[in-house]
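**Q** Provided below for reference: sequence and predicted model.
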Amino acid sequence: MSDLPKPRGMTRGQARSIEFFIVFMSVAALVLLFQPFSIQLYSIGAGLVVLAGLLFNLVPLCQPGKPFRSLVKGAFVVVAVFVIATLLALGSALLYAVSTAPA
């Protein structure tokens, strides 16, 4: 029908590199979280644990042949769910504070 080449997906090396980066960041975040030396490193580790947990949802999309675009779409879905969950948590905390405030 058309002579346009089919878009190729990620190569095996690209998919594996992204997957290893996510796993390495998860391990590094845990090391920073449980180190006993610095509260600043602990704070960085705590933030990285949240980020790594969100990114770990993208590991199933890191397969050879899958388009990189699907990985980006997955990342947007993960960010959207995180933002909605954060807004719901903040909203419920605000409602709790209003309902327990002295009259």
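**A** Everything's here; your move. Just so it is clear, the model here is predicted, and its values are computed rather than measured.
**Q** where's the residue found closest to residue 29 once you drop the neighbours it is linked to in the chain, which helix or strand?
**A** Nearest non-adjacent residue to residue 29, counting by Cβ to Cβ, 6 or more residues apart in numbering: residue 48, 3.5 Å away. C-beta here means a position set from N, CA and C on the backbone, and glycine is covered the same way. Secondary-structure assignment from DSSP states H and E places residue 48 in helix 39-55.
**Q** from the chain's centroid, how far away is that helix?
**A** Chain-centre distance of helix 39-55: 11 Å, with Cα atoms, centre = their mean, to the nearest Å.
**Q** list the buried residues of that helix.
**A** Buried residues in helix 39-55, counted by 16 or more other Cβ atoms under 10 Å: 45, 48, 49, 52, 55.
**Q** now, among the residues you listed, which is nearest to residue 11?
**A** Looking at the buried residues of helix 39-55 and their distance to residue 11, the nearest is residue 55, at 20.1 Å (Cβ to Cβ).
**Q** got a pLDDT number for the closest residue to the closest one other than its chain neighbours?
**A** Setting aside the residues directly before and after it, residue 55 is nearest to residue 22 in space (Cβ to Cβ, 6+ apart), at 4.9 Å. For residue 22, the pLDDT comes out at 94.
**Q** residue 22: neighbour count?
**A** The burial metric for residue 22, expressed as a neighbour count using other Cβ atoms under 10 Å, is 18.
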